[in-house]
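Peer 1: Here is the input, now give the coordinates:
(chains A and B)
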Amino acid sequence: GENVEQHPSTLSVQEGDSAVIKCTYSDSASNYFPWYKQELGKRPQLIIDIRSNVGEKKDQRIAVTLNKTAKHFSLHITETQPEDSAVYFCAASKSDMRFGAGTRLTVKP
Amino acid sequence: EAQVTQNPRYLITVTGKKLTVTCSQNMNHEYMSWYRQDPGLGLRQIYYSMNVEVTDKGDVPEGYKVSRKEKRNFPLILESPSPNQTSLYFCASTRDRRDEQFFGPGTRLTVL
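Peer 2: Next up is the predicted model:
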């Protein structure tokens, strides 16, 4: 089955810096790659997603890139703010949905 | 209001005592899933359903059962709970598996 690996597990940045989280997947048939943000004690919420026919997608300060050949995709957050502090999960989907283990991002004021 | 609801939100039970966690959505979504969340392991899919009467195993189905008799409901059944099923459980629904999933508020289960 699909295996999704996510790095780093923790990331600390200064407010205003950029943050990058990387994921790799194993099943080349996976064709949908969402990113979810989970604040402490809350449910996960989608922040951005990308489908396999697209290489890059951007939404304000958030962007995702997909390299199908290398089977990896990345989340980029620019101009980080303290409210970006949360756990971020990547996922890959074919029919089922496999999530990475998560990255705890801390943005220091 | 569009939402996914789960009940109960918190449950403490004992080994072997059958329990059901209910999940309901009011968005007419086709696809529903159950996940468990454990520290350091992220979200792991237990079962998913692409439509009424259609269910499939996810990554960690052992010890769980589900049913999808109606589009809006997708209960999770633990016939004989064990301590290793102590976890935070999330139900989720989506219009299409390649679309945003809407998560319920979570059910924190402790099996003693």
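
Peer 1: what about stretch B:54-63, distance to the chain center?
Peer 2: Remark: stretch B:54-63 is offset 10 Å from the chain centroid, using Cα atoms, centre = their mean, to the nearest Å.

Peer 1: Please tell me how far the residue nearest the centre of chain B sits from chain A.
Peer 2: Among the residues of chain B, the smallest C-alpha distance to the mean C-alpha position (Cα atoms, centre = their mean) belongs to residue B:34, namely 3.0 Å. When Cβ to the nearest Cβ, to the nearest Å is the yardstick, residue B:34 and chain A sit 11 Å from each other. In this view, the C-beta of every residue, glycine as well, is placed from N, C-alpha and C.

Peer 1: Can you name the residues that contact that residue?
Peer 2: When contacts are counted by Cβ atoms under 8 Å, 6 or more residues apart in numbering or on different chains, residue B:34 touches B:23, B:45-48, B:58, B:64, B:66, B:74, B:76, B:89-92.

Peer 1: Where do the strands of the chain begin and end?
Peer 2: I went with chain A, as the question did not name one. A:4-7, A:10-14, A:19-25, A:32-38, A:45-51, A:56-59, A:62-67, A:72-77, A:86-93, A:97-99, A:103-108 (DSSP state E).

Peer 1: that's the other chain; I wanted chain B
Peer 2: The residue ranges that make up the strands of chain B, judged by DSSP E, are B:4-7, B:10-13, B:19-25, B:31-38, B:42-51, B:54-57, B:65-66, B:76-78, B:87-94, B:102-103, B:107-111.
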